[in-house]
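Colleague: would you be able to build a 3D model of this:
(one chain, ligands or ions: 2)
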Amino acid sequence: MKIGVIGAGYVGTTTSIVFAKYGYQVTLMDTNLEKIKTLYQSKLPFYEEGLKELLHDYIVEQRLSFTNSMEEIMKECNILFITVGTPSLENGKADLSFVEEVVTQMAKYMDDYKVIVIKSTVPVGTGDKLNDILKNELKIRNKAPTFDLVSNPEFLREGKALFDALYPDRVIVGCESTKAREIMKELYKDVDTSILFTTIKEAEMIKYASNAFLATKISFINELARLCDGKGVNINQVALGMGMDKRIGPDFLQAGIGYGGSCFPKDIKALLALAFDMDTPMPILQAVKDINETQSQWFMKKVKQELGNLEEKRIAILGLTFKPKTDDIREAPALKVIDYLLKNKASVTAYDPQGSEHVKKIYPTVTYTPTPLQALEDADAVLLLTEWQEILDIDWECAKSIISNPLLFDGRNALSPSNMMKLGYRYFGVGNTNF
Ligand SMILES: NC(=O)C1=CN([C@@H]2O[C@H](COP(=O)(O)OP(=O)(O)OC[C@H]3O[C@@H](n4cnc5c(N)ncnc54)[C@H](O)[C@@H]3O)[C@@H](O)[C@H]2O)C=CC1
Ligand SMILES: O=C(O)[C@H]1O[C@H](OP(=O)(O)OP(=O)(O)OC[C@H]2O[C@@H](n3ccc(=O)[nH]c3=O)[C@H](O)[C@@H]2O)[C@H](O)[C@@H](O)[C@@H]1O
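Modeller: Numbering: from 1, shown residues only. Ligands and ions are numbered 1, 2, ... in the order given. Okay, here's the model as predicted:
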């Protein structure tokens with residue numbers, strides 16, 4: 001079995017490394033030549049801990065190779081994973097043009113049996129659509145349809161990609177052919193987890209349903225946090241108490257400034273768009289989206305209430321990425337916050353261990369500092385927006401002496417309110433603020 005992976009992003013690169021770890025021969029393909037060159041130099045085209053070392057080892061051991069040629073990967077590999085992006089279109093639907101382009105190209109070089117595995121997140125019914133495209137393209141070329149299509153959605157989280165891919169809670173395989181099912185079983189034989197075999201459409205829906213449910217937990221706790229704020233109820237304690245009930249579980253109940261990233265916002269929009277097309281409203285999911293979209297406004301209202309006019313105020317932002325341990329800034333709440341501050345003519349200084357270079361391209365007038373303490377100099381308020389360890393580890397006592405006004409807005413409830421208040425900060429969190 002030789003594995004081909006098409007799309008060298010977060011998912012494709014992690015998938016390739018993990019299958020190489022299981023001893024398979026893997027070729028990773030991308031049309032972006034810069035990415036392929038970077039990978040050839042044993043470098044990652046993004047930041048993710050734990051992958052670089054394995055990447056280097058597997059290149060040296062010749063288990064992992066790279067190409068920008070569809071012809072080459074189709075000649076060499078019999079199982080092909082599609083891991084290209086499915087970003088949002090203007091109307092919220094998933095843009096399937098990259099996935100469609102891949103299968104169209106595949107048909108040109110399909111001369112023997114292939115298992116085509118869709119790992120990209122795609123709406124229900126996409127498998128059927130891709131099947132039709134492939135069959136049509138093969139027919140045009142007078143070739144027999146010698147392939148099986150499989151849906152094998154990915155559940156890894158950025159920042160924990162390697163761990164999640166090595167130790168998944170489950171593997172979902174949507175598959176309607178016995179031959180492909182046996183191949184997929186063999187492929188995952190060393191992964192110590194349950195495999196659930198479903199239809200292709202069910203697998204597609206499981207992916208969206210899982211992300212939508214996790215986002216629902218976050219918006220639920222954020223809605224509750226708004227109710228707790230200023231009422232002497234700490235939302236962290238509420239989440240702790242709720243989470244002790246095994247039926248609820250403790251995960252994804254961390255109140256904050258809202259979820260971001262390349263997936264929750266886009267996947268929720270895509271599911272709502274599907275519901276709209278099917279004339280089946282999803283009011284819960286709509287509320288999840290609305291709460292998330294207004295969470296940063298709710299947070300900034302508190303900042304404005306405390307600071308009054310923001311013009312010329314020096315605001316220090318700690319954390320820019322949508323979560324720690326990634327350089328990904330897609331849909332990061334920090335972007336909305338910066339936008340609001342700049343529109344209100346505040347002067348913004350920001351620190352992030354990995355995200356600054358990306359944000360600089362969007363907001364060049366912000367001052368980016370190489371250390372967290374430098375960002376805090378003469379600040380009128382500090383906004384903690386991503387809970388990076390190096391931000392939590394700040395010597396807050398020492399920091400107080402360089403901040404102009406010890407006013408701290410903790411958008412991730414990542415610091416202890418009582419400790420910060422003992423140090424002399426006015427502390428505002430999300431659902432844990434007592435005044
Ligand atoms: N990022 C994440 O944590 C997760 C993402 N997903 C899903 O996986 C899919 C990929 O996501 P990411 O890895 O974040 O995307 P990404 O944007 O990081 O990478 C996609 C890659 O596909 C390449 N590409 C585009 N068209 C191509 C073509 N025709 N041929 C070859 N390569 C092509 C791009 O150059 C890019 O390198 C999406 O559907 C996403 O929703 C699923 C689970 C986790
Ligand atoms: O489909 C995807 O791409 C992936 O989306 C999420 O993974 P990811 O977006 O990488 O990161 P999460 O850890 O889920 O965090 C998403 C956002 O929610 C926020 N969050 C998370 C948990 C929580 O309790 N509260 C909260 O505000 C995070 O700060 C972050 O902004 C899912 O967790 C993965 O299972 C899925 O594969």
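Colleague: which stretches in the stretch 151-300 of the chain count as helices?
Modeller: 161-166, 178-187, 200-228, 235-243, 264-277, 283-307 (DSSP state H, counting those that start in this stretch).
Colleague: take those helices and write them to CSV, including mean pLDDT, distance to Lys135 and mean neighbour count.
Modeller: C-beta coordinates here come from the backbone N, C-alpha and C atoms, glycine included. Output for the helices of the stretch 151-300 of the chain, formatted as CSV (pLDDT from 0 to 100; distance: least, CB to CB, whole Å; neighbours: other CB atoms under 10 Å):
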stretch, mean pLDDT, distance to Lys135, mean neighbour count
helix 161-166, 97, 31, 18
helix 178-187, 97, 16, 16
helix 200-228, 98, 15, 20
helix 235-243, 97, 48, 17
helix 264-277, 97, 24, 20
helix 283-307, 97, 33, 17
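Colleague: Met70: which of these is closest?
Modeller: Proximity to Met70 (CB to CB) singles out helix 178-187 among these, at 20.9 Å.
Colleague: who are the packing partners of that closest one?
Modeller: strand 114-118, strand 147-151, strand 170-175, strand 194-198 (3 or more CB pairs under 8 Å, 6 or more residues apart in numbering; DSSP states H and E).
Colleague: just to revisit the earlier point, of the helices of the stretch 151-300 of the chain, which is nearest ligand 2?
Modeller: With respect to ligand 2, and counting by CB to the nearest ligand atom, the nearest of the helices of the stretch 151-300 of the chain is helix 200-228 at 4.5 Å.
Colleague: quick one, which of the helices and strands packed on helix 178-187 is nearest to ligand 2?
Modeller: Using CB to the nearest ligand atom, the nearest of the helices and strands packed on helix 178-187 to ligand 2 is strand 170-175, at 11.2 Å.
Colleague: returning to what we had before: okay if I get the helices of the stretch 151-300 of the chain as a markdown table plus distance to ligand 1?
Modeller: Listed next are these as a markdown table, based on distance: least, CB to the nearest ligand atom, whole Å:
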| stretch | distance to ligand 1 |
| --- | --- |
| helix 161-166 | 7 |
| helix 178-187 | 18 |
| helix 200-228 | 7 |
| helix 235-243 | 24 |
| helix 264-277 | 7 |
| helix 283-307 | 17 |
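Colleague: low-confidence ranges in this structure?
Modeller: 435 (pLDDT under 70).
Colleague: how's it carved up into domains?
Modeller: If you go by automatic domain parsing, the domain ranges for the chain are 2-198, 211-428.
Colleague: adding distance to ligand 2, write those domains out as a markdown table.
Modeller: Converted to a markdown table, those look like this (distance: least, CB to the nearest ligand atom, whole Å):
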| stretch | distance to ligand 2 |
| --- | --- |
| domain 2-198 | 4 |
| domain 211-428 | 3 |
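Colleague: Asn434 is nearest to which of those domains?
Modeller: Nearest of these (CB to CB): domain 211-428, 5.8 Å.
Colleague: how far does the closest one sit from its chain's centre?
Modeller: Relative to the centre of its chain, domain 211-428 is centred 16 Å away, using CA atoms, centre = their mean, to the nearest Å.
Colleague: ends of it, how far apart?
Modeller: 29 Å (CA to CA, to the nearest Å).
Colleague: quick revisit: any chance of CSV for the helices and strands packed on helix 178-187, columns distance to ligand 1 and mean neighbour count?
Modeller: Output for the helices and strands packed on helix 178-187, formatted as CSV (distance: least, CB to the nearest ligand atom, whole Å; neighbours: other CB atoms under 10 Å):
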stretch, distance to ligand 1, mean neighbour count
strand 114-118, 9, 25
strand 147-151, 12, 24
strand 170-175, 12, 21
strand 194-198, 17, 14
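Colleague: name the residues of the protein found near ligand 1, please.
Modeller: 6-12, 29-32, 35, 83-86, 98, 101-102, 120-121, 154, 156, 158, 262-263 (CB under 6 Å from any ligand atom).
Colleague: look up phi and psi at the nearest residue to Ala381 once chain neighbours are set aside.
Modeller: Take Ala381 and drop its neighbours on the chain: the residue closest to it by CB to CB, 6 or more residues apart in numbering is Leu407, 4.4 Å away. Main-chain torsions, Leu407, degrees, to the nearest 10: phi -110, psi 120.
Colleague: just list whatever residues bridge to Leu407.
Modeller: Beta bridges link Leu407 to Arg426 when assigned by DSSP bridges.
Colleague: Gln374 versus that one, what's the distance?
Modeller: The gap separating Leu407 from Gln374 is 18 Å, by CB to CB, to the nearest Å.
Colleague: show me which of the two is the more surrounded one.
Modeller: A side-by-side neighbour count of Leu407 and Gln374, using other CB atoms under 10 Å, places Leu407 first with 19 against 14.
Colleague: surely the more buried one touches Leu383?
Modeller: No. Distance between Leu407 and Leu383: 9.6 Å, which falls outside the contact criterion (CB atoms under 8 Å).
Colleague: which single residue of the stretch 301-435 of the chain ends up nearest ligand 1?
Modeller: For the stretch 301-435 of the chain, CB to the nearest ligand atom, closest residue to ligand 1: Asp328, 7.3 Å.
Colleague: and the strands in the stretch 1-150 of the chain?
Modeller: 2-6, 25-29, 64-67, 79-82, 114-118, 147-151 (DSSP state E, counting those that start in this stretch).
Colleague: parallel or antiparallel, which strands does the fourth one pair with?
Modeller: Spelled out, that is strand 79-82. Strand 79-82 has these partner strands in its sheet, going by DSSP bridges: strand 2-6 (parallel), strand 114-118 (parallel).
Colleague: wait, the residue of the stretch 301-435 of the chain closest to ligand 1 sits on Ala334?
Modeller: No. Counting by CB under 8 Å, Asp328 does not reach Ala334; the two are 11.7 Å apart.
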